[in-house]
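Chemist: Sharing a sequence plus its predicted fold:
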Amino acid sequence: MFEPRYSPRLPDRARPVCIIGAGSIVRDAHLPAYALAGFPVHAITNRSREQAEDLAAKFGIPHVAADLDELMATAPEGAVFDLTLPANLFAGVLRRLPEGSPVLIQKPMGETMDEAREILEVCRERRLVAAINFQLRFAPFVMAAKDLIDRGVIGELRDMEIRVTVETPWDHFPFLRSVKRLEILYHSVHHIDCIRHFLGDPQGIHAKTLTHPELDMPSSRSAFILDYGERVRANIQTNHFHKYGPKHQESYIKWEGTKGAIKATMGLLMNYPEGVPDVFEVCTFENGRPVWETVPIEGSWFPHAFVGAMAQVMRAADGEQDALVTPVEDSIRTMACVEAAYASSAAGGVDPQSFFGS
(Lines give C-alpha, C1' and ligand atoms only; values in the text may rest on other atoms or scores of the structure.)
Protein backbone atom coordinates (compact mmCIF):
# COMPACT_ATOMS: atom_id res chain seq x y z
CA MET A 1 0.00 0.00 0.00
CA PHE A 2 1.37 3.40 -0.97
CA GLU A 3 1.34 5.99 1.80
CA PRO A 4 1.96 9.36 0.19
CA ARG A 5 2.25 12.56 2.20
CA TYR A 6 -0.59 14.88 1.23
CA SER A 7 -1.10 17.27 4.17
CA PRO A 8 0.68 20.63 4.41
CA ARG A 9 2.84 21.60 7.36
CA LEU A 10 0.94 23.96 9.61
CA PRO A 11 2.58 26.93 11.36
CA ASP A 12 3.67 26.59 14.98
CA ARG A 13 1.46 29.60 15.70
CA ALA A 14 -1.47 30.70 13.60
CA ARG A 15 -1.42 34.41 12.77
CA PRO A 16 -4.69 36.36 12.63
CA VAL A 17 -6.12 36.77 9.13
CA CYS A 18 -7.70 39.92 7.69
CA ILE A 19 -9.69 39.25 4.52
CA ILE A 20 -10.21 41.86 1.81
CA GLY A 21 -13.17 40.72 -0.29
CA ALA A 22 -16.21 38.54 0.41
CA GLY A 23 -17.03 36.72 -2.82
CA SER A 24 -17.99 33.10 -3.38
CA ILE A 25 -14.39 31.88 -3.24
CA VAL A 26 -14.13 33.26 0.31
CA ARG A 27 -17.41 31.62 1.29
CA ASP A 28 -16.72 28.26 -0.36
CA ALA A 29 -12.98 27.84 0.21
CA HIS A 30 -11.02 30.42 2.23
CA LEU A 31 -13.21 30.55 5.33
CA PRO A 32 -13.98 26.80 5.50
CA ALA A 33 -10.25 26.08 5.13
CA TYR A 34 -9.25 28.48 7.89
CA ALA A 35 -11.90 27.04 10.19
CA LEU A 36 -10.58 23.55 9.42
CA ALA A 37 -6.99 24.55 10.19
CA GLY A 38 -7.79 26.71 13.20
CA PHE A 39 -6.53 29.93 11.59
CA PRO A 40 -8.26 32.82 13.39
CA VAL A 41 -9.98 35.31 11.08
CA HIS A 42 -9.89 38.70 12.78
CA ALA A 43 -11.76 40.88 10.28
CA ILE A 44 -13.27 41.09 6.82
CA THR A 45 -14.14 43.99 4.53
CA ASN A 46 -15.95 44.17 1.22
CA ARG A 47 -17.44 46.79 -1.09
CA SER A 48 -20.84 45.35 -0.17
CA ARG A 49 -20.89 45.55 3.63
CA GLU A 50 -23.98 43.34 3.74
CA GLN A 51 -22.08 40.55 2.01
CA ALA A 52 -19.22 40.85 4.48
CA GLU A 53 -21.64 40.85 7.42
CA ASP A 54 -23.33 37.70 6.13
CA LEU A 55 -20.01 35.85 6.05
CA ALA A 56 -18.99 37.28 9.42
CA ALA A 57 -22.19 35.95 10.97
CA LYS A 58 -21.86 32.54 9.33
CA PHE A 59 -18.19 32.00 10.24
CA GLY A 60 -17.95 33.91 13.52
CA ILE A 61 -15.67 36.71 12.31
CA PRO A 62 -15.56 39.31 15.10
CA HIS A 63 -14.98 42.45 13.02
CA VAL A 64 -16.49 43.80 9.78
CA ALA A 65 -14.50 46.81 8.59
CA ALA A 66 -16.15 49.55 6.55
CA ASP A 67 -13.16 49.82 4.21
CA LEU A 68 -9.47 49.02 3.80
CA ASP A 69 -8.38 51.92 6.02
CA GLU A 70 -10.47 50.65 8.93
CA LEU A 71 -9.29 47.08 8.34
CA MET A 72 -5.63 48.12 8.53
CA ALA A 73 -6.21 50.42 11.50
CA THR A 74 -7.73 47.59 13.54
CA ALA A 75 -5.53 44.73 12.29
CA PRO A 76 -3.52 42.99 15.03
CA GLU A 77 0.25 43.06 14.86
CA GLY A 78 1.54 40.35 12.53
CA ALA A 79 -1.78 39.84 10.73
CA VAL A 80 -1.83 38.13 7.36
CA PHE A 81 -3.78 40.00 4.70
CA ASP A 82 -5.83 37.80 2.38
CA LEU A 83 -6.64 39.60 -0.90
CA THR A 84 -9.62 38.16 -2.79
CA LEU A 85 -10.44 41.12 -5.03
CA PRO A 86 -10.64 41.31 -8.84
CA ALA A 87 -7.09 40.90 -10.12
CA ASN A 88 -6.81 44.39 -11.60
CA LEU A 89 -7.17 45.92 -8.10
CA PHE A 90 -4.29 44.07 -6.44
CA ALA A 91 -1.43 46.49 -7.01
CA GLY A 92 -3.34 49.47 -5.61
CA VAL A 93 -4.26 47.60 -2.42
CA LEU A 94 -0.76 46.15 -1.97
CA ARG A 95 0.70 49.66 -2.03
CA ARG A 96 -1.40 50.56 1.00
CA LEU A 97 -0.59 47.56 3.18
CA PRO A 98 1.92 48.02 6.03
CA GLU A 99 5.48 47.47 4.88
CA GLY A 100 6.71 43.92 5.44
CA SER A 101 3.21 42.46 5.78
CA PRO A 102 2.58 38.79 5.00
CA VAL A 103 -0.04 38.58 2.27
CA LEU A 104 -1.83 35.88 0.27
CA ILE A 105 -3.01 37.19 -3.11
CA GLN A 106 -5.83 35.40 -4.90
CA LYS A 107 -4.93 34.23 -8.40
CA PRO A 108 -4.42 35.35 -11.10
CA MET A 109 -1.46 37.67 -10.57
CA GLY A 110 -3.16 40.54 -12.39
CA GLU A 111 -5.13 40.40 -15.62
CA THR A 112 -2.16 41.19 -17.89
CA MET A 113 1.59 40.71 -17.83
CA ASP A 114 2.03 44.43 -17.16
CA GLU A 115 -0.15 44.11 -14.06
CA ALA A 116 1.82 41.04 -12.95
CA ARG A 117 5.06 43.01 -13.24
CA GLU A 118 3.54 45.86 -11.24
CA ILE A 119 2.42 43.47 -8.48
CA LEU A 120 5.92 41.99 -8.32
CA GLU A 121 7.48 45.45 -8.18
CA VAL A 122 5.15 46.63 -5.39
CA CYS A 123 5.76 43.48 -3.33
CA ARG A 124 9.51 43.96 -3.64
CA GLU A 125 9.39 47.68 -2.84
CA ARG A 126 7.27 47.15 0.27
CA ARG A 127 9.11 43.95 1.28
CA LEU A 128 5.88 42.00 1.50
CA VAL A 129 5.98 38.28 2.27
CA ALA A 130 3.74 37.69 -0.73
CA ALA A 131 2.40 34.50 -2.28
CA ILE A 132 -0.11 34.00 -5.08
CA ASN A 133 -2.93 31.61 -4.21
CA PHE A 134 -2.10 28.96 -6.81
CA GLN A 135 -3.63 26.52 -4.39
CA LEU A 136 -3.86 23.54 -6.77
CA ARG A 137 -0.26 22.81 -5.76
CA PHE A 138 -1.62 22.17 -2.25
CA ALA A 139 -4.58 19.98 -3.25
CA PRO A 140 -4.20 16.66 -1.41
CA PHE A 141 -4.03 14.63 -4.64
CA VAL A 142 -1.35 16.92 -6.11
CA MET A 143 0.71 16.82 -2.94
CA ALA A 144 0.38 13.03 -2.90
CA ALA A 145 1.49 12.76 -6.53
CA LYS A 146 4.44 15.09 -5.92
CA ASP A 147 5.54 13.04 -2.93
CA LEU A 148 5.40 9.74 -4.84
CA ILE A 149 7.13 11.17 -7.91
CA ASP A 150 9.86 12.79 -5.81
CA ARG A 151 10.39 9.39 -4.15
CA GLY A 152 10.81 7.75 -7.58
CA VAL A 153 7.73 5.52 -7.32
CA ILE A 154 6.78 5.97 -11.01
CA GLY A 155 10.28 6.69 -12.27
CA GLU A 156 11.16 9.60 -14.50
CA LEU A 157 8.18 11.69 -15.56
CA ARG A 158 7.48 11.37 -19.29
CA ASP A 159 3.90 12.54 -19.75
CA MET A 160 1.49 14.87 -17.94
CA GLU A 161 -2.08 15.46 -19.05
CA ILE A 162 -4.89 17.54 -17.56
CA ARG A 163 -8.40 17.17 -18.95
CA VAL A 164 -11.55 18.98 -17.86
CA THR A 165 -14.92 18.33 -19.55
CA VAL A 166 -17.61 19.76 -17.28
CA GLU A 167 -20.48 22.23 -17.07
CA THR A 168 -19.20 25.14 -14.99
CA PRO A 169 -21.82 27.38 -13.30
CA TRP A 170 -20.24 30.71 -14.19
CA ASP A 171 -23.03 32.55 -12.36
CA HIS A 172 -21.16 31.74 -9.14
CA PHE A 173 -18.57 34.30 -10.25
CA PRO A 174 -20.55 37.35 -11.47
CA PHE A 175 -17.48 39.58 -11.73
CA LEU A 176 -16.25 37.41 -14.61
CA ARG A 177 -18.99 38.86 -16.81
CA SER A 178 -16.90 42.01 -17.16
CA VAL A 179 -13.46 40.50 -17.83
CA LYS A 180 -11.90 40.37 -21.28
CA ARG A 181 -9.91 37.19 -20.61
CA LEU A 182 -11.55 34.25 -18.91
CA GLU A 183 -10.78 30.56 -19.34
CA ILE A 184 -6.98 30.65 -19.41
CA LEU A 185 -6.53 33.53 -16.98
CA TYR A 186 -9.06 32.46 -14.35
CA HIS A 187 -9.12 28.68 -14.69
CA SER A 188 -6.42 27.01 -16.76
CA VAL A 189 -3.83 29.19 -15.04
CA HIS A 190 -4.08 26.60 -12.23
CA HIS A 191 -3.31 23.80 -14.66
CA ILE A 192 -0.38 25.64 -16.23
CA ASP A 193 1.01 26.36 -12.78
CA CYS A 194 0.54 22.73 -11.75
CA ILE A 195 2.49 21.48 -14.77
CA ARG A 196 5.26 23.99 -14.00
CA HIS A 197 5.29 22.64 -10.42
CA PHE A 198 6.27 19.22 -11.77
CA LEU A 199 8.17 19.96 -14.99
CA GLY A 200 9.51 23.49 -14.63
CA ASP A 201 9.23 26.18 -17.29
CA PRO A 202 8.27 25.00 -20.79
CA GLN A 203 10.36 25.86 -23.85
CA GLY A 204 7.23 27.07 -25.62
CA ILE A 205 3.43 27.00 -25.55
CA HIS A 206 0.94 26.25 -28.32
CA ALA A 207 -2.62 27.18 -27.38
CA LYS A 208 -6.10 27.98 -28.62
CA THR A 209 -8.87 29.41 -26.46
CA LEU A 210 -12.38 30.13 -27.70
CA THR A 211 -15.90 30.95 -26.62
CA HIS A 212 -19.09 28.99 -27.21
CA PRO A 213 -21.92 30.40 -29.34
CA GLU A 214 -24.45 29.45 -26.65
CA LEU A 215 -22.52 31.03 -23.79
CA ASP A 216 -22.24 34.78 -23.24
CA MET A 217 -18.69 34.63 -21.85
CA PRO A 218 -15.29 35.64 -23.30
CA SER A 219 -14.06 32.02 -23.47
CA SER A 220 -14.98 28.63 -22.08
CA ARG A 221 -12.81 26.09 -23.91
CA SER A 222 -9.05 25.84 -24.38
CA ALA A 223 -6.36 23.48 -25.62
CA PHE A 224 -2.65 23.66 -24.80
CA ILE A 225 0.58 21.91 -25.65
CA LEU A 226 3.44 22.83 -23.32
CA ASP A 227 6.73 22.11 -25.08
CA TYR A 228 9.30 20.27 -22.98
CA GLY A 229 11.36 18.94 -25.84
CA GLU A 230 11.19 15.64 -27.65
CA ARG A 231 10.86 13.26 -24.70
CA VAL A 232 8.17 14.77 -22.44
CA ARG A 233 4.54 15.50 -23.38
CA ALA A 234 2.42 17.99 -21.43
CA ASN A 235 -1.15 18.75 -22.56
CA ILE A 236 -4.21 20.56 -21.17
CA GLN A 237 -7.72 20.24 -22.60
CA THR A 238 -10.68 22.11 -21.09
CA ASN A 239 -14.36 22.37 -21.98
CA HIS A 240 -16.59 24.16 -19.49
CA PHE A 241 -19.76 23.88 -21.57
CA HIS A 242 -20.41 20.15 -21.51
CA LYS A 243 -24.14 20.44 -20.74
CA TYR A 244 -25.00 16.83 -21.49
CA GLY A 245 -25.20 15.42 -17.99
CA PRO A 246 -22.61 13.76 -15.74
CA LYS A 247 -22.12 10.48 -17.63
CA HIS A 248 -19.20 11.62 -19.79
CA GLN A 249 -17.87 14.47 -17.69
CA GLU A 250 -14.14 14.24 -17.00
CA SER A 251 -11.79 16.05 -14.64
CA TYR A 252 -8.39 14.55 -14.03
CA ILE A 253 -4.61 14.95 -13.89
CA LYS A 254 -2.52 12.06 -15.16
CA TRP A 255 1.21 11.55 -14.70
CA GLU A 256 3.07 8.81 -16.61
CA GLY A 257 6.61 7.79 -15.77
CA THR A 258 9.16 5.20 -16.75
CA LYS A 259 8.08 2.85 -13.93
CA GLY A 260 4.41 3.61 -13.46
CA ALA A 261 1.62 6.16 -13.58
CA ILE A 262 -0.71 8.21 -11.36
CA LYS A 263 -4.22 9.43 -12.12
CA ALA A 264 -6.09 11.86 -9.87
CA THR A 265 -9.77 12.49 -10.54
CA MET A 266 -10.58 16.07 -9.52
CA GLY A 267 -14.12 15.60 -8.30
CA LEU A 268 -14.66 19.23 -7.33
CA LEU A 269 -15.00 20.45 -10.92
CA MET A 270 -17.82 18.03 -11.63
CA ASN A 271 -21.12 19.21 -10.15
CA TYR A 272 -19.36 22.34 -8.79
CA PRO A 273 -19.39 23.55 -6.05
CA GLU A 274 -20.69 20.37 -4.34
CA GLY A 275 -18.42 18.16 -6.43
CA VAL A 276 -18.09 14.39 -6.49
CA PRO A 277 -15.48 12.26 -4.66
CA ASP A 278 -11.87 12.49 -5.76
CA VAL A 279 -10.12 9.27 -6.78
CA PHE A 280 -6.34 8.78 -6.50
CA GLU A 281 -4.88 5.80 -8.38
CA VAL A 282 -1.32 4.57 -8.74
CA CYS A 283 -0.03 2.08 -11.30
CA THR A 284 3.18 0.11 -10.91
CA PHE A 285 4.43 -3.10 -12.50
CA GLU A 286 4.32 -6.52 -10.89
CA ASN A 287 6.03 -9.32 -12.80
CA GLY A 288 6.04 -7.09 -15.86
CA ARG A 289 2.29 -6.42 -15.73
CA PRO A 290 0.68 -3.04 -14.88
CA VAL A 291 -1.33 -3.08 -11.67
CA TRP A 292 -3.54 -0.16 -10.62
CA GLU A 293 -4.23 0.51 -6.95
CA THR A 294 -6.68 3.04 -5.50
CA VAL A 295 -5.02 4.92 -2.65
CA PRO A 296 -7.23 6.64 -0.03
CA ILE A 297 -6.65 10.38 0.19
CA GLU A 298 -8.43 12.57 2.72
CA GLY A 299 -9.58 16.03 1.70
CA SER A 300 -10.07 17.69 -1.68
CA TRP A 301 -9.13 20.79 -3.67
CA PHE A 302 -11.83 22.87 -1.91
CA PRO A 303 -11.34 23.71 0.88
CA HIS A 304 -8.28 21.70 1.90
CA ALA A 305 -5.81 23.16 -0.62
CA PHE A 306 -6.47 26.62 0.80
CA VAL A 307 -5.05 25.48 4.14
CA GLY A 308 -1.65 24.90 2.55
CA ALA A 309 -1.76 28.14 0.57
CA MET A 310 -2.23 30.19 3.75
CA ALA A 311 0.01 27.99 5.93
CA GLN A 312 3.01 28.66 3.67
CA VAL A 313 2.62 32.42 4.23
CA MET A 314 2.38 32.09 8.00
CA ARG A 315 5.35 29.71 8.16
CA ALA A 316 7.50 31.88 5.87
CA ALA A 317 6.65 35.03 7.83
CA ASP A 318 7.82 33.33 11.04
CA GLY A 319 10.93 31.79 9.46
CA GLU A 320 9.64 28.25 9.82
CA GLN A 321 10.40 27.55 6.16
CA ASP A 322 13.08 29.04 3.96
CA ALA A 323 10.89 30.02 1.03
CA LEU A 324 7.29 30.30 -0.11
CA VAL A 325 5.94 27.60 -2.42
CA THR A 326 4.08 30.08 -4.65
CA PRO A 327 5.98 33.38 -4.20
CA VAL A 328 5.29 36.28 -6.53
CA GLU A 329 8.79 35.77 -7.97
CA ASP A 330 7.82 32.30 -9.23
CA SER A 331 4.16 33.03 -9.95
CA ILE A 332 5.06 35.68 -12.50
CA ARG A 333 6.60 32.87 -14.56
CA THR A 334 3.21 31.16 -14.62
CA MET A 335 1.73 34.47 -15.77
CA ALA A 336 4.31 34.61 -18.56
CA CYS A 337 3.04 31.21 -19.70
CA VAL A 338 -0.52 32.60 -19.67
CA GLU A 339 0.59 35.52 -21.82
CA ALA A 340 2.34 33.14 -24.21
CA ALA A 341 -0.83 31.05 -24.47
CA TYR A 342 -2.91 34.07 -25.42
CA ALA A 343 -0.30 35.15 -27.96
CA SER A 344 -0.28 31.67 -29.48
CA SER A 345 -4.08 31.60 -29.65
CA ALA A 346 -4.18 34.98 -31.38
CA ALA A 347 -1.48 34.02 -33.89
CA GLY A 348 -3.41 30.99 -35.12
CA GLY A 349 -2.09 27.79 -36.67
CA VAL A 350 -0.35 27.01 -39.92
CA ASP A 351 -2.66 27.05 -42.95
CA PRO A 352 -2.41 23.67 -44.74
CA GLN A 353 -3.33 25.38 -48.01
CA SER A 354 0.01 27.18 -47.93
CA PHE A 355 1.71 23.87 -48.77
CA PHE A 356 -0.10 23.47 -52.10
CA GLY A 357 1.79 24.55 -55.18
CA SER A 358 0.53 27.40 -57.32
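Modeler: Sure thing, it's come through. Residues are numbered from 1 along each chain as shown.
Chemist: Residue 210 touches residue 218, doesn't it?
Modeler: No. Using CB atoms under 8 Å, residue 210 is not in contact with residue 218; the gap is 9.7 Å. C-beta: built from backbone N, CA, C; applies to glycine.
Chemist: so what's the most centrally placed residue in the chain up against?
Modeler: Taking CA atoms, centre = their mean, the centroid of the chain lies closest to residue 134, which sits 3.4 Å from it. Residues near residue 134 by CB atoms under 8 Å, 6 or more residues apart in numbering: 107, 189-190, 193, 309, 326, 331, 334.
Chemist: and it, how far is that from residue 11?
Modeler: 19 Å (CB to CB, to the nearest Å).
Chemist: And residue 224, by the same measure?
Modeler: In terms of CB to CB, residue 224 sits 35 Å off from residue 11.
Chemist: neighbour count winner among these two?
Modeler: residue 224 (26 against 21; other CB atoms under 10 Å).
Chemist: From residue 160, how far out is that one?
Modeler: In this view, residue 224 and residue 160 are 11 Å apart by CB to CB.
Chemist: what sits in contact with each of the two?
Modeler: Common neighbours of residue 224 and residue 160, using CB under 8 Å, 6+ apart, are residue 235.
Chemist: Low-confidence regions, the stretch 1-150 of the chain specifically.
Modeler: Within the stretch 1-150 of the chain, the stretches with pLDDT under 70 are 1.
Chemist: All the strands of it, residue numbers only.
Modeler: Assigned by DSSP state E, counting those that start in this stretch, the strands in the stretch 1-150 of the chain fall at 17-20, 41-45, 63-65, 80-83, 102-106, 129-133.
Chemist: Turn the ones you listed into a markdown table, including mean neighbour count and distance to residue 123.
Modeler: Below are these laid out as a markdown table (neighbours: other CB atoms under 10 Å; distance: least, CB to CB, whole Å):
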| stretch | mean neighbour count | distance to residue 123 |
| --- | --- | --- |
| strand 17-20 | 27 | 15 |
| strand 41-45 | 23 | 21 |
| strand 63-65 | 20 | 23 |
| strand 80-83 | 24 | 11 |
| strand 102-106 | 26 | 8 |
| strand 129-133 | 26 | 4 |
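Chemist: Generate a markdown table for those, with distance to residue 322 as supplementary columns.
Modeler: Shown next, in a markdown table, are the strands of the stretch 1-150 of the chain (distance: least, CB to CB, whole Å):
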| stretch | distance to residue 322 |
| --- | --- |
| strand 17-20 | 23 |
| strand 41-45 | 27 |
| strand 63-65 | 33 |
| strand 80-83 | 18 |
| strand 102-106 | 15 |
| strand 129-133 | 12 |
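Chemist: Select, out of those strands, the one closest to residue 181.
Modeler: strand 102-106 (15.7 Å; CB to CB).
Chemist: what does that closest one contact?
Modeler: Contacts to strand 102-106, defined as CB under 8 Å, 6+ apart, come from residues 15, 21, 25, 78, 80-85, 87, 90, 94, 97, 119, 123, 128-133, 309-310, 313-314, 316-317, 328.
Chemist: can you pull out the strands in the stretch 151-300 of the chain?
Modeler: Using DSSP E, counting those that start in this stretch, strands in the stretch 151-300 of the chain cover 157-165, 204-210, 221-227, 233-239, 250-257, 260-265, 279-286, 289-294.
Chemist: average pLDDT for the fifth one?
Modeler: Throughout strand 250-257, pLDDT has a mean value of 98.
Chemist: Now it: buried residues?
Modeler: 251-257 (16 or more other CB atoms under 10 Å).
Chemist: contacting residues around stretch 9-18?
Modeler: 34, 37-45, 71-72, 75-76, 78-82, 102, 307, 310-311, 314-315, 317-318, 320-321.
Chemist: and with 6 Å instead?
Modeler: 38-43, 71, 75-76, 78-82, 311, 314-315 (CB atoms under 6 Å, 6 or more residues apart in numbering).
Chemist: Excluding chain neighbours, what is closest to residue 167?
Modeler: residue 243 (5.0 Å; CB to CB, 6 or more residues apart in numbering).
Chemist: swap in residue 122?
Modeler: Once flanking residues are discounted, residue 122 sits nearest to residue 94: 4.7 Å by CB to CB, 6+ apart.
Chemist: For that neighbour, grab the count of nearby residues.
Modeler: 23.
Chemist: Please apply the same query to residue 37.
Modeler: Counted with other CB under 10 Å, residue 37 comes out at 19.
Chemist: Isn't residue 63 up against residue 43?
Modeler: Yes. Here residue 63 lies in contact with residue 43, judged by CB atoms under 6 Å, at a distance of 3.7 Å.
Chemist: Name the residue in residue 210 and residue 218 with the higher neighbour count.
Modeler: Per other CB under 10 Å, whichever of residue 210 and residue 218 has more neighbours is residue 218, with 19 against 13.
Chemist: ok, the more buried one to residue 243 distance?
Modeler: Remark: distance between residue 218 and residue 243 (CB to CB) = 18 Å.
Chemist: Perfect, that will be all.
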